[in-house]
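Asker: Sequence and predicted structure are below.
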Amino acid sequence: MTDTLATGTARADRGRGRRYERVGPGGDPVAVAAGNDPGEDEEGTRGDDGVVLDCGWGRLVFGQTFHDQAAVADVLRSEAAGARDICIYLRDPHVLVSRLPDELFIDPSLTYRLPLPGSRPEATGKSGTVEIPTLPEGAAELPGVRIRRLRDAADAEAVNRIYAANGMVTAPVEILVDNAATDRFLHLVAEATTGEIVGTITGVDHVAVFDDPDNGASLWCLTVDFNQAPPGTGQALITELAARLVARGRAYVDLSVLAENVGAIRLYERLGFYRTSTLCVKRKNPINERLFLPAMPAGYDQLNPYAKIVADEAMRRGIRVEVTDPQWGELRLSTGGRTILTRESLSELTSAVAMSRCDDKRVTRRILAEAGLSVPRGRTASGDAADVEFLAEVGELVVKPARGEQGNGITVGVKTPEALAAAIELAARYCTEVLLEELCAGEDLRVVMIDHEVVAAAVRRPASVTGDGVHDIAELIARQSRRRAAATGGESRIPLDDITRDVVAEAGYELHDILPEGQVLAVRRTANLHTGGTIHDVTGELHPVIAEACVAASRALDIPVTGLDLLTPAPDRPEHVFIEANERPGLANHEPQPTAERFVDLLFPGTRAPQRLWTPAGAAPSGA
């Protein structure tokens, strides 16, 4: 069910149990081989034990198969660290929770049911006349996307990448692959024409799991890659799963969705799902804290994602959070007599001097160059012939305001004196001092440094759209912009301005042209996230030479938290140049790396949990 879209953390490795277990008296799991179920007699009736299904991210506890609530409690208490177990279909769940209020809670989600074509109305469990919906014609046929079963470890790793990017609990690859090969699971993925997995959904066939007399099924872990999945991917996954369950003769499919997820609920109701009274029970663990902790502080809902990720991590540790200025992203964090003000990833620990060094790109360049680090050739624009001479010397320039952020006023690829004059004029609108810098080829790499250690590295790519052979480029841009805005809380949008038109024209198109199906078109020159750029984690690939240079840069700037921008042929190669340093990097842009955790570690070392430090690619871990 979509329940697992709720915020979670990647779980630690844990013991590998059987995928399908019955739970005997006292709550002890009993491993069951297929076709050899000790809980069934020769006539196929169930005994006094229950069914538990290992999904990798946690276990599904089928409450209707238990005759003793104490056994359910024992199962939930045996939940592995870092996992999220869910008990569903339990009779009188409120009674169990009332007996163990410090351990269990009723999940604040709603359960929805889709009766499937061909099912009997009485089989759906809804009283009265039931109108069986007709699945949307062709809804699973999305241009540029193919829905298929999860097949192998590569698919499972891609699914985990999407889970992690959306704050969900990941699963061991071998469990996902093994489960997908059984008839108990219908684990589907959405594959783009590029071969990338851009969405996933998991169906559980209750008949295959425990001979469900109600002939039902359930839906879990529906999510998509918001950077790459085209609109409609989620609906296509639901529709394809429903069609496959219809082929199996199932009567209905259930799902659970957080009550606050209004957009998803509208989609489900549009597809014919209706509310049921089913409740889920979960254990009070760190992953679920957001679901059972007291109400969020005033102003929390107005925070942007970059401040909210800090507030979430602080509250998870029991640190008091006061939102002092929600529009500014300012928080007051307090614990144990220590109080620190933050604005997103900027805190009182960053000095005004260090902040000013990052604020002026000319100063940043000078400090890094004096530290022996590589920077592009550059100069401050003088507005005379010297600017044109510098252009002739280096061939191609980047022109940007000496002070500014979010990509405002930057022009990339200046080649002529006329273009140079226009670019300087644009940059001067944002800052009277303008920097001319040699254009260096390579990928745009952002490295997040906290306490002079590498915490995350990501390649940022300019906004692009993928043709579907139907919509023109302007509509594709508008759609992608809406998706980027939705995925980032309105922080990322693709401007439909002169720069976008110029980039499209340079590729040989006009905005009203229809892009061929599957063709990818970049529509911006810079990879800035605020103008629709996307970010792709490469922390594990970062070359040790680049990592060492980043440590040296953060120490030269004497700044405890910074986002260093570099250009490199590839993150796993040593060649690089530094182009900027950001004193307030967006920590929310680097899932699944623990940016918020390390930031709060810096602010409140006493709350730090044991951790394994990042190891550069190709280097042995300490003690190896």
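Answerer: Everything's here; your move.

Asker: Can you pull out the low-pLDDT segments for the stretch 351-500 of the chain?
Answerer: 487, 489 (pLDDT under 70).

Asker: ugh, typo on my part, it should be the chain
Answerer: Judged by pLDDT under 70, the stretches of the chain that qualify are 1-48, 119-140, 294, 487, 489, 609-624.

Asker: which residue is nearest the middle of it?
Answerer: Centroid-nearest residue in the chain: Ala165, 2.1 Å away (criterion: CA atoms, centre = their mean).

Asker: for Leu341, helix, strand, or coil?
Answerer: Here Leu341 is strand, with the state taken from DSSP: H, G, I helix; E, B strand; the rest coil.

Asker: Quick one: neighbours of it, just the number.
Answerer: 14 (other CB atoms under 10 Å). All C-beta spots, glycine's among them, are computed from the backbone N, C-alpha and C.

Asker: hey, what's it bridged with?
Answerer: Leu341 has these beta-bridge partners by DSSP bridges: Arg332.

Asker: For it, list the residues it contacts.
Answerer: 324, 330-333, 347-348 (CB atoms under 8 Å, 6 or more residues apart in numbering).

Asker: And stretch 339-354, what's buried?
Answerer: 340, 342-347, 350, 354 (16 or more other CB atoms under 10 Å).

Asker: where do the strands sit along the stretch 301-450 of the chain?
Answerer: Under the criterion DSSP state E, counting those that start in this stretch, the stretch 301-450 of the chain carries strands at the ranges 320-325, 330-335, 338-343, 346-347, 378-380, 397-401, 411-414, 434-438, 443-450.

Asker: Who are the packing partners of the strand or helix carrying Cys87?
Answerer: Here Cys87 is covered by strand 86-88, with elements defined by DSSP states H and E. Packing partners of strand 86-88 (3 or more CB pairs under 8 Å, 6 or more residues apart in numbering; DSSP states H and E): strand 59-62, helix 69-77, strand 252-258, strand 280-283.

Asker: and Glu510, which of the ones you listed is closest to it?
Answerer: strand 252-258 (41.5 Å; CB to CB).

Asker: What's the first helix or strand after the closest one?
Answerer: Using DSSP H and E, the helix or strand that follows strand 252-258 in sequence is helix 262-270.

Asker: in the helix or strand just after that following helix, what's buried?
Answerer: Counting by DSSP H and E, the element after helix 262-270 in chain order, helix or strand, is strand 274-276. Neighbour-count burial for strand 274-276 flags Thr276 (criterion: 16+ other CB under 10 Å).

Asker: And for stretch 505-513?
Answerer: 509, 511.

Asker: returning to that earlier point: residues in contact with the residue nearest to the centre of the chain?
Answerer: 225-226, 591-592 are the contacts of Ala165 under CB under 8 Å, 6+ apart.

Asker: ok, now Leu100?
Answerer: Leu100 makes contact with Ala73, according to CB under 8 Å, 6+ apart.

Asker: Next, work out how far apart it and Arg484 are.
Answerer: Per CB to CB, to the nearest Å, Leu100 is found 43 Å from Arg484.

Asker: can you tell me which of the contacts of Ala165 are in strands?
Answerer: Among the contacts of Ala165, no member is found in strands (DSSP state E).

Asker: Make a markdown table from those and add distance to Gln406 to it.
Answerer: Conversion of these to a markdown table gives the following (distance: CB to CB, whole Å):
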| residue | distance to Gln406 |
| --- | --- |
| Asp225 | 24 |
| Phe226 | 20 |
| Glu591 | 21 |
| Pro592 | 25 |
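
Asker: Just flag the most distant two among those.
Answerer: Most distant of the contacts of Ala165, by CB to CB, are Phe226 and Pro592, 14.5 Å apart.

Asker: correct me, but Asp572 touches Gly540?
Answerer: No. With contact defined as CB atoms under 8 Å, Asp572 does not reach Gly540; the gap is 9.3 Å.

Asker: and Leu566, backbone torsions?
Answerer: When read as degrees, to the nearest 10, the backbone of Leu566 gives phi -130, psi 160.

Asker: Identify the residues contacting it.
Answerer: Leu566 sits next to 445-447, 546, 550, 576-579 when contact means CB under 8 Å, 6+ apart.

Asker: likewise Leu237?
Answerer: Contact partners of Leu237, counting by CB under 8 Å, 6+ apart, are 140, 147, 188, 190, 199-201, 222, 224.

Asker: Filter those residues down to the ones in helices?
Answerer: With helices taken from DSSP state H, there is no overlap with these.

Asker: I'd like those residues written out as a markdown table, with distance to Ala180 and neighbour count added.
Answerer: Putting the contacts of Leu237 into a markdown table (distance: CB to CB, whole Å; neighbours: other CB atoms under 10 Å) gives the following:
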| residue | distance to Ala180 | neighbour count |
| --- | --- | --- |
| Ala140 | 18 | 23 |
| Ile147 | 14 | 21 |
| Leu188 | 9 | 24 |
| Ala190 | 15 | 29 |
| Gly199 | 15 | 26 |
| Thr200 | 11 | 25 |
| Ile201 | 12 | 27 |
| Leu222 | 16 | 27 |
| Val224 | 18 | 26 |
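
Asker: Looking at these, which is nearest Val262?
Answerer: Proximity of those to Val262 was ranked by CB to CB; the top entry is Leu222 with 15.7 Å.

Asker: Verify the contact between that closest one and Ala190 for me.
Answerer: No. Shown here, Leu222 and Ala190 do not form a contact pair, counting by CB under 8 Å, at 10.5 Å.

Asker: Spit out the residues that contact those two alike.
Answerer: Listed as contacting both Leu222 and Ala190 by CB under 8 Å, 6+ apart are 200, 237.

Asker: residues in contact with His590?
Answerer: His590 neighbours (CB under 8 Å, 6+ apart): 448, 455-456, 458, 535, 537.

Asker: Could I get those in a markdown table, plus columns for distance to Leu241?
Answerer: Below are the contacts of His590 laid out as a markdown table (distance: CB to CB, whole Å):
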| residue | distance to Leu241 |
| --- | --- |
| Val448 | 37 |
| Val455 | 37 |
| Ala456 | 34 |
| Ala458 | 32 |
| Ile535 | 30 |
| Asp537 | 28 |
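
Asker: farthest-separated two in those residues?
Answerer: Farthest-apart pair in those is Val455 and Ile535; separation 14.3 Å (CB to CB).

Asker: Skipping adjacent residues, who's closest to Gln388 in space?
Answerer: Wrong residue type there; residue 388 is Val, not Gln. Spatially, and ignoring its direct neighbours in sequence, Val388 is nearest to Pro417 (4.9 Å; CB to CB, 6 or more residues apart in numbering).

Asker: So that neighbour versus Ala381, what's the distance?
Answerer: Between Pro417 and Ala381 the distance is 13 Å, computed by CB to CB.
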